[in-house]
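Participant: Here is a sequence with its predicted model. Questions after.
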Amino acid sequence: MLRVVYLTFKITLSISFSSASRTYLNEVCIQSNSERLMELSFMESTATDNMAESKSQKNITANPNITGAEILIRCLNEENVKFVFGYPGGAVLHIYDEIYKQNGFKHILVRHEQAAVHAADAFSRATGEVGVAIVTSGPGATNAVTGIATAYMDSIPLVVISGQVPVPAIGMDAFQEVDMVGITRPCVKHNFLVKDVKDIAATMKKAFYIAASGRPGPVVVDIPKDITAHLTEYIYPKTLEMRSYNPVLKGHSGQIKKAVKLLLEAKRPMIYTGGGLVLGDASPELVKLARALNYPVTNTLMGLGGYPATDKQFVGMLGMHGSYEANMAMQNCDVLIAVGARFDDRVIGNPGNFQTKDRTIIHIDVDPSSISKRVKVDVPIVGHVQSVLREMNEILALENKQNNIADWWKQIDEWRTVKSMVYQQSTEFIKPQYVIEKLWEVTKGNAYVTTDVGQHQMWAAQYYKFDQPRRWINSGGLGTMGVGLPYAMGCQFADKNAQVACVTGEGSIQMNIQELSTCAQYGLPIKVILLNNRYLGMVRQWQEFFYENRYSESYMDSLPDFVKLAESYGHIGMQITNPADVESALVKAFSPELKDRFVFMDFITDQSENVFPMIPNGAGLAEMILGKEQKLVDNHTREED
């Protein structure tokens with residue numbers, strides 16, 4: 001039998017602090033019992049306690065007995081859910097019957113459960129709201145796991161409702177039975193198995209609270225079919241407090257003051273921001289801080305748009321395919337402030353190499369387990385990035401000091417002369433970088449841009465200049481091929497009047513291409529930008545660089561006619577082969593004439609083009625391959641002495 005519910009946060013603590021910092025973080029973890037650092041055998045809330053009290057209390061809503069399925073639907077409406085992405089099946093038929101009867105939210109019928117979770121994920125990324133998906137038991141549930149893991153790796157708040165076989169059949173190898181709680185334990189923030197209809201309302205309240213608070217993440221609620229048919233009184237808690245789950249939101253004032261002091265004393269400062277800045281809606285606070293200090297800013301892949309890419313202080317994305325100036329500044333700074341970022345392997349490369357430089361690191365994150373996980377941190381600040389940055393701005397205003405870093409900016413400008421993003425234009429072959437540049441120009445930088453995973457993803461990150469947060473939607477942590485089209489669907493539902501572009505490759509797009517049907521059903525005017533080089537491009541690039549051009553199974557043969565395929569679903573298809581036609585094709589696709597139409601654009605691109613710069617696996621930030629020379633930069637001559 002499945003046993004109820006363990007809070008399944010990963011614990012990875014290889015921490016190296018100064019004694020003062022260690023004491024501070026230990027206190028934070030003990031006081032907050034913060035997420036990813038605890039295991040709860042049962043999660044009790046004051047809301048549950050309230051249910052035993054008088055029904056006349058102001059924060060309790062009482063109704064006559066109704067089914068568990070109706071309770072679930074009412075809970076979703078209580079949480080002001082606007083869209084639910086799903087696919088029906090036997091174990092959730094009671095729920096779908098109640099969906100039919102209600103008009104509080106709109107259900108979106110996808111063509112595969114993976115796409116349901118991806119679309120809910122993108123809806124959340126674009127709006128900041130909790131995304132919701134419903135799938136049936138067995139294969140419906142397992143089809144959803146990739147979407148759940150994708151959201152988990154990028155800290156996206158989701159509530160995924162999965163059907164389950166009736167309670168008496170659990171553990172009996174019943175038809176379409178899987179242990180959804182067990183399967184998802186490593187890739188959820190929390191999961192529940194509801195075995196009593198009376199627990200549905202409280203469980204749903206907890207699910208939304210856990211998903212959205214602290215470091216966000218997906219929550220799975222597994223509900224057996226018989227529970228959705230049972231009757232009980234509907235009581236939905238209006239407030240919630242969990243005795244053992246209290247994430248820290250306000251940073252330690254002493255640590256914040258220390259951080260500001262270090263920043264004002266820096267000679268070579270660097271501001272490094274990640275996806276946590278975007279998820280924490282802290283972009284305005286970051287912009288204010290950076291401009292007050294006049295310090296350089298870099299974003300991770302997940303942080304793009306958190307600081308305006310067209311601003312002169314922005315030095316570009318950093319990491320494996322980051323700009324030369326961003327990587328060199330990151331490697332050579334003397335004071336580094338990391339905001340909502342986690343120093344992962346695709347950002348700093350080899351941590352041993354990164355730590356050979358003497359620098360002071362300030363790290364702001366709502367999740368204490370992310371601090372000093374990969375590199376030593378000197379000033380840890382646990383708290384919501386928005387509130388911490390606001391307090392830092394207040395202190396800076398009182399200090400009223402300006403730090404002169406003219407020499408540092410001179411060095412950065414010298415690194416900029418390398419022009420690491422320059423590519424060779426062609427009149428014969430379409431360059432993928434050129435397509436992205438023209439996409440940015442045609443959309444004026446205002447589109448929601450989703451991608452799949454591979455070379456096209458990196459080119460979109462490098463050449464589309466994001467000035468706003470929540471416009472760049474991609475799978476950064478798990479690197480999931482097939483997310484692009486369902487991500488575009490989620491964005492279009494989030495903002496029906498927005499321009500939405502799905503930049504993809506011919507390998508990735510086929511992984512969820514059935515969603516062309518969903519787009520047709522709901523009239524979604526998405527524009528697909530297929531950079532078609534007839535290869536699994538990033539695989540081919542690595543085989544060229546590190547496997548002596550042995551292109552093992554990376555060539556895409558027997559591709560469909562994408563134009564005819566799009567047209568078969570009632571969409572508009574275009575194939576573009578001439579570089580001279582790129583801009584006019586994009587202008588036409590985004591014109592008022594085709595504003596309300598789905599357009600699939602198949603750009604036949606240069607097969608030999610690679611993504612540069614590139615840091616080889618295991619190398620350091622300064623050890624970049626630049627351009628077609630494919631030569632490692634000598635870090636002894638390029639780095640600042």
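Facilitator: Received the coordinates, thanks.
Participant: ok, now how distant is the most centrally placed residue in the chain from residue 573?
Facilitator: The chain has residue 154 as the residue nearest its centroid, 4.0 Å off, counting by Cα atoms, centre = their mean. According to Cβ to Cβ, to the nearest Å, residue 154 and residue 573 sit 31 Å apart. Heads up, the C-betas are built off the backbone N, CA and C, glycines and all.
Participant: same thing with residue 296?
Facilitator: 43 Å.
Participant: between the two, who's got more neighbours?
Facilitator: Legend: neighbour count by other Cβ atoms under 10 Å for residue 296 and residue 573, higher for residue 296 (25 against 19).
Participant: What ranges does the stretch 451-600 of the chain have for its helices?
Facilitator: Using DSSP state H, counting those that start in this stretch, the helices of the stretch 451-600 of the chain run over 455-463, 484-494, 516-522, 537-546, 562-568, 582-589.
Participant: and the longest one, how far out from the chain's middle?
Facilitator: Yep, that's helix 484-494 we're talking about. Distance, stretch centre to chain centre, for helix 484-494: 13 Å (Cα atoms, centre = their mean, to the nearest Å).
Participant: Packing partners of that helix?
Facilitator: helix 113-127, strand 448-451, strand 472-473, strand 500-504, helix 516-522 (3 or more Cβ pairs under 8 Å, 6 or more residues apart in numbering; DSSP states H and E).
Participant: make it 6 Å
Facilitator: If you count contacts as 3 or more Cβ pairs under 6 Å, 6 or more residues apart in numbering; DSSP states H and E, helix 484-494 packs onto helix 113-127, strand 448-451, strand 500-504.
Participant: In a markdown table, list the ones you listed along with mean pLDDT and mean neighbour count.
Facilitator: Shown next, in a markdown table, are the helices and strands packed on helix 484-494 (pLDDT from 0 to 100; neighbours: other Cβ atoms under 10 Å):
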| stretch | mean pLDDT | mean neighbour count |
| --- | --- | --- |
| helix 113-127 | 98 | 29 |
| strand 448-451 | 98 | 29 |
| strand 500-504 | 98 | 29 |
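Participant: Once you drop chain neighbours, what's closest to residue 217?
Facilitator: Of all residues not flanking residue 217 in the chain, residue 189 sits nearest, at 3.1 Å (Cβ to Cβ, 6 or more residues apart in numbering).
Participant: Got phi/psi on the one you found?
Facilitator: In terms of degrees, to the nearest 10, the main-chain angles of residue 189 are phi -70, psi -30.
Participant: how about low-confidence regions in the stretch 401-550 of the chain?
Facilitator: By pLDDT under 70, the stretch 401-550 of the chain has no low-scoring segment.
Participant: Return stretch 335-354 as PDB; C-alpha atoms alone will do.
Facilitator: Presented in PDB, the C-alpha positions along stretch 335-354 are these (Å, rounded to 0.1, in the frame of the first residue of the first chain):
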ATOM      1  CA  VAL A 335      33.500  41.400  -5.300                       C
ATOM      2  CA  LEU A 336      30.700  39.300  -6.700                       C
ATOM      3  CA  ILE A 337      27.100  39.500  -5.800                       C
ATOM      4  CA  ALA A 338      25.000  36.600  -6.900                       C
ATOM      5  CA  VAL A 339      21.200  37.200  -6.900                       C
ATOM      6  CA  GLY A 340      18.900  34.200  -7.300                       C
ATOM      7  CA  ALA A 341      21.600  32.100  -9.000                       C
ATOM      8  CA  ARG A 342      23.300  28.900  -8.100                       C
ATOM      9  CA  PHE A 343      26.800  28.700  -9.700                       C
ATOM     10  CA  ASP A 344      25.800  25.600 -11.700                       C
ATOM     11  CA  ASP A 345      28.200  23.800 -14.000                       C
ATOM     12  CA  ARG A 346      27.000  25.500 -17.200                       C
ATOM     13  CA  VAL A 347      27.700  28.900 -15.600                       C
ATOM     14  CA  ILE A 348      31.100  28.800 -13.900                       C
ATOM     15  CA  GLY A 349      32.400  25.600 -15.500                       C
ATOM     16  CA  ASN A 350      35.000  23.900 -13.300                       C
ATOM     17  CA  PRO A 351      34.400  25.200  -9.700                       C
ATOM     18  CA  GLY A 352      38.000  24.500  -8.800                       C
ATOM     19  CA  ASN A 353      39.200  26.700 -11.600                       C
ATOM     20  CA  PHE A 354      36.700  29.400 -10.600                       C
END
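Participant: Tell me which residues are up against that stretch.
Facilitator: Outside stretch 335-354, the residues that touch it by Cβ atoms under 6 Å, 6 or more residues apart in numbering are 262, 266, 269-274, 276-277, 280, 300, 319-320, 359-364, 370, 374-375, 385, 615, 618-621.
Participant: quick one: which of the residues you listed sit in strands?
Facilitator: Mapping the contacts of stretch 335-354 onto strands (DSSP state E) picks out 269-273, 360-364.
Participant: Now flag whichever of these is closest to residue 475.
Facilitator: Checking those against residue 475 by Cβ to Cβ gives residue 273 as the nearest, at 19.0 Å.
Participant: Beta-bridge partners for the closest one, please?
Facilitator: Per DSSP bridges, the residues bridged to residue 273 are residue 299, residue 339.
Participant: Give me the neighbour count for it.
Facilitator: 28.
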